[in-house]
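Participant: here is the input, now give the coordinates:
(2 chains)
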Number of protein chains: 2
Amino acid sequence: MDRRKIAYGLLVLLVGLILWFIPPPAGMDLNGWRLLAIFIAVILGLILRPLPQGAIVIIGVGVSALTGILKIGDALSGFSNSTVWLIFTAYMFARAFLKTRLGERIAYYFIRALGRRTLSLGYSISLTDLVLAPAMPSNTARAGGVIYPIVRSICHAYDSEPGPTAKKVGKFLIFNEYHTTLVTGAMFLTGMAANPLVAQLASQTIKATVTWTNWLIGALLPGIITFLIIPPLIYFITKPEIKVSEEAPKLAREKLKELGPATRQEKTLAVIFLIVLALWILGDTIKLDATITALVGLSLMLIFGVLGWEDVLGEKGGWDALIWFGGLVSLATGLNKLGVINWIAEASKGIVSGWEWLAAFVVLAIIYYYVHYLMASMTAHVAAFFPAFAAVMVGVGAPPLLVALVLGYLTNLMAATTHYGTGPAPIYFGSGYLDIKEWWGYGFLLSVLYLLLWFGIGLPYWKLLGLW
Amino acid sequence: MDRRKIAYGLLVLLVGLILWFIPPPAGMDLNGWRLLAIFIAVILGLILRPLPQGAIVIIGVGVSALTGILKIGDALSGFSNSTVWLIFTAYMFARAFLKTRLGERIAYYFIRALGRRTLSLGYSISLTDLVLAPAMPSNTARAGGVIYPIVRSICHAYDSEPGPTAKKVGKFLIFNEYHTTLVTGAMFLTGMAANPLVAQLASQTIKATVTWTNWLIGALLPGIITFLIIPPLIYFITKPEIKVSEEAPKLAREKLKELGPATRQEKTLAVIFLIVLALWILGDTIKLDATITALVGLSLMLIFGVLGWEDVLGEKGGWDALIWFGGLVSLATGLNKLGVINWIAEASKGIVSGWEWLAAFVVLAIIYYYVHYLMASMTAHVAAFFPAFAAVMVGVGAPPLLVALVLGYLTNLMAATTHYGTGPAPIYFGSGYLDIKEWWGYGFLLSVLYLLLWFGIGLPYWKLLGLW
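Facilitator: Numbers count the residues shown, from 1 in each chain, chains lettered A, B, ... in the order given. This is a model prediction of the structure:
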C-alpha cells in the first residue's frame, strides 16, 4: 500500500471516529447517529479509495455488525435485495453479448448506420432508451440489462476500453446513456419502478391524483429539452477523441462481413433476449417482477449453453457490484430503520417554517434531491422521504399535484449524484470508463443543471399548465 | 452439451413436472407441495448434474419465483443468510493461507511430525478438531474456517489435487475431517450452533433440562468410539494411495528450509487468524456472532493487504458456494414457511400411533434423521422438526431427557448425508476431492453406521446411565 492510500485510510478512519464520538443531534437515536457516522466514513472511503470499494463496503458492513448497531441479519440484508440481483444479472447478460459476439454485431450495425459522428451515435443510443422507457419501469433492466451490453460492445468495437483508450468514445457513450436513462425515467410514470410508488403515496398522503397522462404532460417540456442537450453537453464534458470518423462505418461494414452469418449461440441469445425484453416490457401488466424475468433469462442462457457456469463465476464485475452495492443497501436500509431518514425529514421541515410556499417548496425539493447522497435506491428514497416532504410542502401551501409531480421528476434526476444511487449506476460506473472523481464531479454539475432546468423552465411551464 | 446430460436434464424436468401435477397429499398446502416438487427436482439435478450445481440452483430459485410460489424476496432470502456468508468467508481464509503460503508451512509442520503414516496424519487433524470443538459452537468456523485451510494445504503439499491425484491423500483427509467435525459437534453442547437450540427447545417443549455435562456424559461412549473408528474407516473407504511415506517427513523438512523464515504477510495473517480464532472461541461468552467475526477477519486481511480485492473477486469457489448454498437455503426456508416441514412432522406422528415407546422413539428418530435430505441447515432443522418430534416421542412415553439428548446427537450426525446439510459441507465438498456420487454414497453408508453405533452402543449405555 502506498503512503497516500495509508493517509487516506487514516483520514477516513479519523472522520468516522470523530463523528462516532460527537453526541447525536437532538432527537436522533444514538445508534442511528453512529450508523450515519459509519455510512459517511464508507462514502468518504468510496471517494478517496484507500482500498477498492468492495473492501470498503465489507469493512463498513463488518463494523456496523461488530459494534452491534445492525444485527448480523440486517447487516447482510442487502445481499438478498432484488435490485442487487437484477444488477448482478445485467452483468451476466453483458458477458453473454460479449462472449457470443452478438453485442459486437449489433454494435457494428449501429456504427455502420450512425458511426460517422460520435455524437449521432450517442443520440441514437439515447433514443433507444427513450423508446423503451414508457414500457420498462425498471431502469436497471432497461439501461443495465438491454442497453448496457450494446453500449459496451460499441466501445469495444472502437477499441475504446477502460483506461488509456477510455476517452476515444467510451467515456462519452457510457456517461451519456447513464444520464439519459435518468431523464427518460423522469418522463414517464412507467419509466422507473419508484414512479408508481410516488403516485400511490401522493394519493394516500396529499390527495393528489397522478395519472400516466398528467405525469407526462408535466414532464414534457423540461424533459425534452434535457433529453436533447444531454448528449452534446456530455460530449463537451468528456471530449471524445474520435469525433468524426469516415473510417468507422466502413470498418463496421468490413467487420460485419468478417463476422459472417450469425452463429447458433448468437441466435439462441437473441431469442432469449427477446423473450426477456418482452417480459420486462409486459412485466407491469402481468405483474412479473423484473428480477424474476432476469433470473429466468440467466437460467435460459445456462440451460442452452450460451453462458457456462464458469463464465458466471468469472464475471468479476457482477460479484463486485453484488458486494459493494448490496452492502450499501444494507447500510442505507439500516439508516431508515433507525430513524435517521425520518430525523432528516423532520429537520428539513424546521428550516422552512414560516416561509412563502414557493420558496419553501423549492428549498425542500432541493433538500429532498440532495439527501439522495445517503440512499442506495430510488424506491427506498421515495418510501422514506416522499410522505414527509410532500406533507410539509402541501402544509405550507404548495398545490398537491405540483408537489407530487415535481418530487416524482426529481426522484429520477437525483441519481445524477452518486455511483450507487440507482440500479444502472453500479453497472455503468462498474464498466470502469470514468473514475470516481469524474463520476461524482460531473454528476454534481449535472445535478445542478437538472435543478436549474426543471425549475427554470418547469415552473413557468407548470404555471402555464395551471398546476399552480 | 452431450447426450447423457440432455437426457439427465429432461429426466429432472420430467420428475419435477410429474410431482408438480400430482395432487398434494391430504393436508399439504398446494404451494408447499409444488415447492417440494421444485426442491426434489433441484436435488435430483444436483445428483445427476445435467448442469453445474450453481446453475441448477439458480434455475430452481428462478422457477420458484416465476411460478409465484415464493415471492422474489423469499426466493433471494438465502443470499443474506449469515451461515452462507460464514462459508463465503471461509473460502477467503483458505485463499489467504494459500496465497501467503502460511498454510503450506503449517502443513509441513504437521507432515514433519506425523506424515510418515497417512492414517496418523488423519488422526492428528481429527484431534485438532476435537480440541477446538468444545469451545467453537460454529462448525463452519471450526472445520471450514480454521481446519480447512490447513487440510487443503496438506493435500497440496502431497501434490494431491482434485482430479487424478485426489486419491493420493486428499480424498481421505478431506472426507475424514468432514465426518470428524460432525462427531465432535455431537459430543459437546457447545460443539455446534444448533445444539444450544436443542437444549432450549427441550426445556420449553418437553421440560427436559439439558446441561453441558449431561450432554457430554451421554455422548461420551458412542462419541469416543465413533471418533476413533472414523479415520481408519474412511481410510478404508477412500483407499489413499500414499499410505506410508518415509519420504514425506524428510521432504517436509526440506520444504520448510526452502520456505525460510516467515514473511511479513504470513506473520500478519497468523496474527489476524489468532484474533479471529480467539473471537470464535469466545464468541458464545461475549455474544459475538461467528459471521461477524469472520467479516472482521476478512476486513483485516483486506486492510493489511494479506488479501487483495482481486483475490476475493477471483475466488470462484466462494462465489459458487454463495450461489448454490444460498439458493438452497431460500428453498428450504420456503418449505418450512409453506408448512411442508410441519406436514412431515404430523405425518410421522401418524405412523407410530399405538406403538411401544422404544420402537416409536427409534423410528421417529430415524425419520427425524433422514428428513435432513430436505434441509440446508442444522439450525433450521432443529427449529422446524425438534418440537414436533420431541413432543410425540414424549407423548408415547419416551423419557424427556433421553429424547432431548438423542435428537441433539442425531442433529449433528444427520449431516453425513448431503453436501448441503451444514456449513462445512459446501466447503469440503466444494474442494472437489470427492464427486457427488462418492459424497452421497459413502455419506449414506456412514449415516447408517452412525445410527447403528449410537443406538447399538448408546441405548445400553444410556440404560446404564439411568436415562431410561
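
Participant: what's the offset of the biggest helix by length in chain A from the middle of its chain?
Facilitator: In chain A, taking DSSP state H as the definition, the longest helix is helix A:212-238. Distance of helix A:212-238 from its chain centroid, counting by CA atoms, centre = their mean, to the nearest Å, is 16 Å.

Participant: packing partners of that helix?
Facilitator: For helix A:212-238, the elements it packs on are helix A:118-132, helix A:170-187, helix A:400-413, helix A:436-456, helix A:458-464, judged by 3 or more CB pairs under 8 Å, 6 or more residues apart in numbering or on different chains; DSSP states H and E. Where C-beta positions appear, they are placed from N, C-alpha and C, glycine not excepted.

Participant: other SSEs contacting the second one?
Facilitator: Pointing back at helix A:170-187 there. In terms of contacts (3+ CB pairs under 8 Å, 6+ apart), helix A:170-187 is packed against helix A:118-132, helix A:139, helix A:148-157, helix A:212-238, helix A:400-413, helix A:424-430, helix A:436-456.

Participant: count the neighbours of the residue lying closest to residue A:20 once chain neighbours are set aside for me.
Facilitator: Leaving aside its chain neighbours, residue A:20 sits nearest to residue A:37 (4.5 Å; criterion: CB to CB, 6 or more residues apart in numbering or on different chains). As a burial measure, residue A:37 scores 21 neighbours (other CB atoms under 10 Å in any protein chain shown).

Participant: my read: residue A:37 touches residue A:14, true?
Facilitator: No. Taking contacts as CB atoms under 8 Å, residue A:37 lies outside contact range of residue A:14: 11.5 Å.

Participant: what about the residue nearest to residue A:325 when sequence neighbours are not counted, distance to residue A:61?
Facilitator: In this structure, residue A:325 finds its nearest non-sequential neighbour in residue A:426, 4.5 Å apart by CB to CB, 6+ apart. Residue A:426 sits at a distance of 16 Å from residue A:61 (criterion: CB to CB, to the nearest Å).

Participant: tell me the centre residue of chain A?
Facilitator: By CA atoms, centre = their mean, chain A has its centre lying nearest to residue A:422, at 3.1 Å.

Participant: from residue A:455, how far out is residue A:394?
Facilitator: 18 Å.

Participant: also residue A:31?
Facilitator: 37 Å.

Participant: now do residue A:399
Facilitator: Taken as CB to CB, the span from residue A:399 to residue A:455 is 15 Å.

Participant: low-confidence regions, chain A specifically.
Facilitator: Along chain A, the model assigns pLDDT under 70 to residues A:1.

Participant: what is the burial count for the nearest residue in space to residue A:378 that is not next to it in sequence?
Facilitator: Using CB to CB, 6+ apart and skipping residues adjacent in sequence, the residue nearest residue A:378 is residue A:194, 4.2 Å away. By other CB under 10 Å, 23 other residues sit near residue A:194.

Participant: equivalent analysis for the one 4 residues further on, please.
Facilitator: Under the neighbour criterion other CB under 10 Å, residue A:198 is assigned a count of 27.

Participant: roughly how far apart are the closest residue in space to it that isn't next to it in sequence and chain B?
Facilitator: Closest residue in space to residue A:198, ignoring its immediate chain neighbours: residue A:408 at 4.2 Å, by CB to CB, 6+ apart. Using CB to the nearest CB, to the nearest Å, residue A:408 is found at 24 Å from chain B.

Participant: for residue A:313, what are its contacts?
Facilitator: With contact taken as CB atoms under 8 Å, 6 or more residues apart in numbering or on different chains, residue A:313 is in contact with B:54, B:316, B:319-320.

Participant: that one belongs to a strand?
Facilitator: No. Looking at residue A:313 with DSSP: H, G, I helix; E, B strand; the rest coil, it is helix, so not inside a strand.

Participant: give me the nearest residue to it, chain neighbours excluded.
Facilitator: residue B:316 (4.1 Å).

Participant: with residue A:429 instead?
Facilitator: Ranked by CB to CB, 6+ apart and with sequence neighbours excluded, the top spatial neighbour of residue A:429 is residue A:419, at 3.7 Å.

Participant: who's in contact with the one you found?
Facilitator: Residue A:419 makes contacts with A:46, A:425-426, A:429, A:436, A:439-440, A:443, as judged by CB under 8 Å, 6+ apart.

Participant: recalculate using a threshold of 6 Å.
Facilitator: A:425, A:429, A:439 (CB atoms under 6 Å, 6 or more residues apart in numbering or on different chains).

Participant: now that residue A:72 has come up, it's in contact with residue A:64, right?
Facilitator: No. Counting by CB atoms under 6 Å, residue A:72 stays clear of residue A:64, with 9.6 Å between them.

Participant: these two: which is more packed in?
Facilitator: The neighbour count for residue A:72 versus residue A:64, taken as other CB under 10 Å, is higher for residue A:64 (27 against 22).

Participant: in which helix or strand does the closest residue to residue A:209 other than its chain neighbours reside?
Facilitator: Distances taken as CB to CB, 6+ apart place residue A:203 nearest to residue A:209, at 6.1 Å, with adjacent residues excluded. Assigning secondary structure by DSSP states H and E places residue A:203 in helix A:194-205.
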